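Student: Sequence plus the predicted model coming up.
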Amino acid sequence: MLGNITNDDDVFLRKDGLFNHFCIIGQDDFGSMNEVSNPINNNKKPPITDIDIIIPNLLEEIPENYEIITTTYGGSSANLFGKNLVLKECYIIFKRGYDKPPIIDIGIIDKAKNEQSTFDSIIISKTRYGNSANLSNTISGKMYLIYKRAPVDYSLDDMVVGDICIINESKNEKVPGNFFKIPKSINKGIINNEIFICYRKEKIKQKEILFNAKLLDSFPKFDDKNSINILPMFCMPQGTRILCWRDTEKHPRPLTNTFILTEKDGRRVYGTTYGFYEKFNGDLSDDQLERLEIRRYNDSYIDKDKVTYQLYKNIAISFISNLPYFDSFHMILQYIRQMIYDNNNFCIERFLSNLLYEIVYPLPKNPHFKLALGREEVFFNFSNFNDFPICGSSYVDTLRLIGPINLMILVVSAITERNIIFHSMRSHLITIICESVTSLMFPFFWDFPYIPHCPLESFTIFECPCPYIVGVDSKYFDEITNYPKETICFGIDTNTISLTKEEIKKIYNSLPMHSAKYLRVSLTEVYNELMEEDGRLKNLKNSPDPLVHMSLKKHFFNINSIYNKRIKEIFLRFMCSLLIGYEFHFKPIDNETPDSINRLMRNIYDFDGFISRKPKICKEFYKKLCATQAFVSLIQEKVSKSDRSKYYAFFNSILLRFINDVDEQLLEDEGYDDVLAKIPLHHVKTFMKDTDKKGRKMFPLKFDDNLFDIQNILISIKTNNKNGILQNNVNSEEETFSRK
């Protein structure tokens, strides 16, 4: 039994574990007392099913149930022909509903440039009244609106067009958050007319009832109540829900979520969550059924139109660890869930206790190994390097997602400690990008509020008077109105930033000219190479040959390792170029002066002297830099010594090499990417339960503590430890890693 573990036993069990906790999150009481309101879903409108062009000057009228866009997002005229041509008007109209498959994409095709549409696209070449729908106001121009409609059998989880707007960039109007901008200006040649069409994608509104999520069980058990209270809202930020699903052929898709919690001592704990849906077999009250607008009918439910529905509930399983192995843990979570469904005898308790306690892992500061999981190999390999702080970054994925200029601007903004809000419907991407941006600041550290995936309950963070980096789900982004005006908002899905072109140019020009140009050119070069490499590998993904897939996986792994290193090297050189000369402005410490006076920054460092040595054009940037907490901490902790002193000393050694030889490679090859220690897991039969489990295949909401077999594991660990069998490192693939 887990409850019989003594403190001495706990010391043995928690030694070098791969993860801290495995959690099951959900709800086991769907009574009205646990319900919570869901204002976001209540405000959702039906998806857009039809779109058209209307020309009022030709006596064209708005059809019934259609909406017309007459003003831009900023309040100016949305006439696509331009405000100067008041005698000729052209507007977009659209219709919402559920009567046909919704529109899933919108674009513009320029036939004057011989652009071709795909077979599943529809070109609006004429208005519904038979007039030309050409958006171009020139004789030679041939620009038309184009869209795609979802197939008849589309999934209710698919993204559809939920809204459309117009912006006029010549009036400094910005792309709204969550909106995609079609990158083709309409009638740009007309004075004061740089009009773009934007659209927002979202999931179709579903009937649902939302409940509080709670920690149903964990292994090992949590010692503090605070973790029990806060974990559910990070593991399952959208709460537990009963979903009324009208698609009887397709099930709701699983969700992936990652998050980071910062402890009081500044240490970060990483969470990887895999959420999925199961059919709900419980009972709902008459009031709950009425709100879902359904009634019971045999083994399912029907609405007033006799449309059949199924009820689903969501569950989440999560690994909490000191190590940010997001992708690796995600693969294991998927494996656990699949084994539960495929074999009723699979013992999750023995699987987890073996994974945590019985396998000896190579655990240096940055462990590198691979775990044999069935037919799959799960790679545990960091993208960062041994001499840097551990983080959950992926510089390659970040560069792919946001591009070189955005990455450059966001890192510089983090260095100068500006508020940054990331938003996306894919929370795991927010975590990766936040980790990448903050780690590329090295040798600086982000010591302010940092919540890569912020749940709705913590939105008071936006009123914080100090800088913050926060990530939110895109569906909640429009609800945030309490952040400062100068906050930078970045949409990952739409690749849009709230800064204007002039503001981006101002940030770029504030940097030392040589440093800024080097960073921009180098990142752009890597980005272009990466896009070419991705293009070459794209066709191989569809190959039916499993050997090709295995080879492709290893190739992607190697490509990511190579480019991660290149991107890290580029930013390291950039930071070295920014901080050249900073080490020469420390003041000598007077040993006879009290420590309290010595610690005053003006007695430690000559800020004015450092700034005065910089070119006039970038002095303003260095004034901001020297006023940041990150720079002050760098100075203070170099003098007083701290846990970060080793990192600062490492950076100083790199800076010295950079000064002596600008072309010298700064990052050494770690040697881990070529040979990874392989750890085999026992065959799944080892984890079978002794007795069959009857009934439906459902994921367990509670563990059977007896099945963890902790007492036998303890005896084995103590015996092996006494005999000196345990080793801290794995030296070869042939070595035995599991204690029997």
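Tutor: Perfect, I can see it now.
Student: Find the helix or strand that Lys95 is a member of.
Tutor: Here Lys95 is covered by strand 91-96, with elements defined by DSSP states H and E.
Student: Return the set of residues that bridge with Ile302.
Tutor: Counting by DSSP bridges, Ile302 forms beta bridges with Arg295, Thr308.
Student: Give me the distance between it and Leu289.
Tutor: 11 Å (C-beta to C-beta, to the nearest Å). C-beta here means a position set from N, CA and C on the backbone, and glycine is covered the same way.
Student: any shared contact partners between those two?
Tutor: Overlap between the neighbourhoods of Ile302 and Leu289 consists of Arg295, taking contacts as C-beta atoms under 8 Å, 6 or more residues apart in numbering.
Student: quick one, which of the two is more surrounded?
Tutor: Leu289 (17 against 14; other C-beta atoms under 10 Å).
Student: which ones are touching the more buried one?
Tutor: Counting by C-beta under 8 Å, 6+ apart, Leu289 makes contact with Arg295, Arg296, Tyr301.
Student: Need the mean per-residue confidence for the longest helix along the chain.
Tutor: If you go by DSSP state H, the chain has its longest helix at helix 546-579. Averaged across helix 546-579, pLDDT comes to 85.
Student: Spell out, range by range, the strands that occur in the stretch 351-500 of the chain.
Tutor: 369-373, 376-380, 420-424, 450-451, 469-473, 488-491, 496-497 (DSSP state E, counting those that start in this stretch).
Student: Kindly reformat those strands as a markdown table containing mean neighbour count and mean pLDDT.
Tutor: A markdown table is the format used below for the strands of the stretch 351-500 of the chain (neighbours: other C-beta atoms under 10 Å; pLDDT from 0 to 100):
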| stretch | mean neighbour count | mean pLDDT |
| --- | --- | --- |
| strand 369-373 | 19 | 79 |
| strand 376-380 | 18 | 80 |
| strand 420-424 | 24 | 95 |
| strand 450-451 | 20 | 94 |
| strand 469-473 | 24 | 94 |
| strand 488-491 | 22 | 94 |
| strand 496-497 | 22 | 92 |
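Student: now these in a markdown table, with distance to Gly31?
Tutor: Formatted as a markdown table, the strands of the stretch 351-500 of the chain follow (distance: least, C-beta to C-beta, whole Å):
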| stretch | distance to Gly31 |
| --- | --- |
| strand 369-373 | 39 |
| strand 376-380 | 40 |
| strand 420-424 | 33 |
| strand 450-451 | 31 |
| strand 469-473 | 27 |
| strand 488-491 | 38 |
| strand 496-497 | 42 |
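Student: The closest residue to Thr240 other than its chain neighbours: what's it in contact with?
Tutor: Distance criterion C-beta to C-beta, 6 or more residues apart in numbering; nearest residue to Thr240, sequence neighbours excluded, is Gln27 at 3.9 Å. Contact analysis of Gln27 by C-beta under 8 Å, 6+ apart lists Asn34, Phe211, Asn212, Ala213, Lys214, Leu216, Thr240, Lys313.
Student: Was I right to think the second one contacts Gly239?
Tutor: Spelled out, that is Phe211. Yes: the pair Phe211 / Gly239 is scored as a contact, 6.1 Å apart, by C-beta atoms under 8 Å.
Student: Common neighbours of those two, please.
Tutor: Jointly contacting Phe211 and Gly239 under the rule C-beta under 8 Å, 6+ apart are Val36.
Student: Against Arg253, how distant is Gly275?
Tutor: 10 Å.
Student: Which one of these two is surrounded by more residues?
Tutor: More crowded of Gly275 and Arg253, by other C-beta under 10 Å: Gly275, with 24 against 13.
Student: what packs against the host helix or strand of the more buried one?
Tutor: Gly275 belongs to strand 268-279 when assigned by DSSP H and E. Helices and strands touching strand 268-279, by 3 or more C-beta pairs under 8 Å, 6 or more residues apart in numbering; DSSP states H and E, are helix 225-235, strand 255-262, strand 308-321, helix 326-342.
Student: May I have the strands that pair with it, each with its orientation?
Tutor: In the sheet, strand 268-279 lines up against strand 255-262 (antiparallel), strand 308-321 (antiparallel) (DSSP bridges).
Student: residues in contact with the residue nearest to Arg253 when sequence neighbours are not counted?
Tutor: Excluding the flanking residues, the one nearest Arg253 by C-beta to C-beta, 6+ apart is Asp157, at 4.5 Å. Applying C-beta under 8 Å, 6+ apart to Asp157 gives the contacts Lys203, Lys250, Pro252, Arg253.
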